[in-house]
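Student: Predicted coordinates and the sequence they were generated for:
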Amino acid sequence: MNQTLAHYQFSPESQYLDRKSARKKPQELLKHLIAFANADGGQLVIGIEDEKQGNIITGFKDARAYPIEDFKKIDREMRETPLELSFEEIPVVNHKEEDDFILIISVELSSNRVIAAPNDDVYLRQGDESIKLSYEQRTQLNYDKGQRFFEDELVLDATLEDIDETIVQNFKSHFDLSERSMEEILRARRFLVNGKLTKAAILLFGKHPSAFFSQARVRFQRFDGANMGTGSSFNVIKEETFDDALPVLITKVRDFIRTQLREFQYLDDHGQFQILPEYPEFAWFEGVVNAITHRDYSVYGDHIRVLMFDDRLEIHSPGKLPNIVTVENIKHERFSRNPRIARTLAEFGWVREMNEGVKRIYSEMESAFLQEPKYSEPGNKVVLTLENNIISRHLRTRDSLEKQFIDFSNLNADEQTIVHYMYNSGEKMTTAKAIELTGRSRKFIVKTMKNLQDLGMVDWYGANKNDRNQYYTLKKK
């Protein structure tokens, strides 16, 4: 896939991109190509110094540079496990203001076998590094390679009519590909093979992916309480299902979940109201994106579930973690079950390096004074649980109210409920709302609100006692 020179020179080194000087011995760079092949594929740029050197274009005219032909034969000893490479020379002006060129080596991922170096070492791309694997890791990688067939399988009854051109156009807009046809784009990324679309193509660009794969859905359920009821006690209060192409699906799920999350108000040390979200957005959104990107789509009998309870949010992803990743090492290890899907969603801007994103989920929860996220594998699925610690927040709110109002602890239960709600929501309090919160009569609430007003805790606004638009606000400090 052609990119601009700016991309090759200035994009951060990543899961899919590395830069090396042409002064490096070609055989020293072979491990990076092997690492790309064993992971998600990628590109090695020869002729640009790495980020520590300021991404300087040194090219091939440097007296110490190796001939470009040596790099084009870099895999000549890879007879037993050959690499699938392609080469592109790009004209540039080097740092000495000379006409020069750089070499782009593109590596296709190896879907079904582990690629080893001539000395039998095995490397795997992890973020911006090429890691040498231990014997145990190599064994696990060999097992995982056997599970990578799903996204590359052909959908024999699908045609280009099943592809949403708008999504393809959006993908093209991220690159300098305006002149390329939809068919060329799909073929270049192996989403179209021998005239047939792959399963990854349908999931990423299909008009109706669930017409082909019923499991390609995200289902959101919000429950009343901390547990899921059954039968007549089934306590779902909000339910929504999403089954769009993955780039669209991610956006829709994010926007919907935002509408379901609560916000809590608290007074800071300066007496100003601040908003505290129920969960840090990065934490829950990254969890959803990881589930969509890395789930096992070959599990036909289940779909991704986002379950919201009063005290926690659970994200259920069908299929176990790929074997090189475990619940214990998930912050540090990375392996894509669906490398083509992961790479494409990364290019859409949705996917981060998996271990980087997971580490940040932990740090974001800690920064919000919430419990550490929990990963588990009950049965054939991975579950991420985020706890909102409502009890702790309730206690912090109570502490703040007792500091603000000396008489707060002397209020009865109904009065505390009303004041607590006004504090957390920041909303105006009407008589009707107070009746709904407490279940008390209108006469009782009128008397209650008058008492709160006399205690200097609320302010009343209205033309007269019979004004239908009258309301109360919490008195500020």
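Tutor: Perfect, I can see it now. Residues are numbered from 1 along each chain as shown.
Student: And stretch 152-166, what's buried?
Tutor: Of the residues in stretch 152-166, 152, 155, 158, 162, 163, 164 count as buried by neighbour count, 16 or more other CB atoms under 10 Å. C-betas here are computed from N, CA, C, even on glycine.
Student: brain fart, stretch 340-349
Tutor: For stretch 340-349, burial by neighbour count (16+ other CB under 10 Å) applies to 340, 341, 342, 343, 344, 345, 346, 347, 348.
Student: Could you report the neighbour count for residue 93?
Tutor: Per other CB atoms under 10 Å, the neighbour tally for residue 93 reads 12.
Student: What segments of the stretch 301-450 of the chain are helices?
Tutor: In the stretch 301-450 of the chain, the helices defined using DSSP state H, counting those that start in this stretch lie at 339-347, 354-367, 390-404, 413-425, 431-438, 442-454.
Student: Out of those, flag the one nearest residue 136.
Tutor: Across these, residue 136 has its closest neighbour in helix 354-367 (18.3 Å, CB to CB).
Student: average pLDDT for the closest one?
Tutor: For helix 354-367, mean pLDDT is 83.
Student: And it, what does it pack against?
Tutor: helix 281-294 (3 or more CB pairs under 8 Å, 6 or more residues apart in numbering; DSSP states H and E).
Student: buried ones in the helix it packs on?
Tutor: Buried residues in helix 281-294, counting neighbours by 16+ other CB under 10 Å, are found at 282-294.
Student: With distance to residue 374 added, can I get those residues in a markdown table?
Tutor: Converted to a markdown table, the buried residues of helix 281-294 look like this (distance: CB to CB, whole Å):
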| residue | distance to residue 374 |
| --- | --- |
| 282 | 17 |
| 283 | 12 |
| 284 | 13 |
| 285 | 17 |
| 286 | 15 |
| 287 | 11 |
| 288 | 16 |
| 289 | 18 |
| 290 | 14 |
| 291 | 15 |
| 292 | 20 |
| 293 | 20 |
| 294 | 17 |
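Student: List just the nearest of these to residue 310.
Tutor: Residue 310 has its nearest neighbour among those in residue 284, at 15.4 Å by CB to CB.
Student: follow-up on the earlier one: weakest of the helices of the stretch 301-450 of the chain by average pLDDT?
Tutor: The bottom spot among these, by mean pLDDT, belongs to helix 390-404, with a mean of 68.
Student: show me the contacts for residue 285.
Tutor: Residues in contact with residue 285 (CB atoms under 8 Å, 6 or more residues apart in numbering) are 254, 257.
Student: Quick check: it vs residue 398, distance?
Tutor: 30 Å (CB to CB, to the nearest Å).
Student: Confirm residue 80 sits in a strand?
Tutor: No. Residue 80: not assigned to a strand; according to DSSP: H, G, I helix; E, B strand; the rest coil it is coil.
Student: Give me the spatial nearest neighbour of it, chain neighbours excluded.
Tutor: Nearest non-adjacent residue to residue 80, counting by CB to CB, 6 or more residues apart in numbering: residue 116, 7.6 Å away.
Student: Could I get the contacting residues of the residue lying closest to residue 428 once chain neighbours are set aside?
Tutor: Nearest residue to residue 428, sequence neighbours excluded (CB to CB, 6+ apart): residue 471, at 4.2 Å. The neighbours of residue 471, taking CB under 8 Å, 6+ apart as the test, are 428, 429, 430, 460, 461, 462.
Student: with these in mind, which one is nearest to residue 417?
Tutor: Taking those together and measuring to residue 417 by CB to CB, the closest member is residue 429, at 11.0 Å.
Student: Pull the number of nearby residues for the closest one.
Tutor: Neighbours around residue 429, by other CB under 10 Å: 22.
Student: surely it meets residue 423?
Tutor: No. Contact criterion CB atoms under 8 Å: residue 429 and residue 423 do not qualify, at 10.6 Å.
Student: joint contacts of these two?
Tutor: By CB under 8 Å, 6+ apart, residue 429 and residue 423 have these common neighbours: residue 474.
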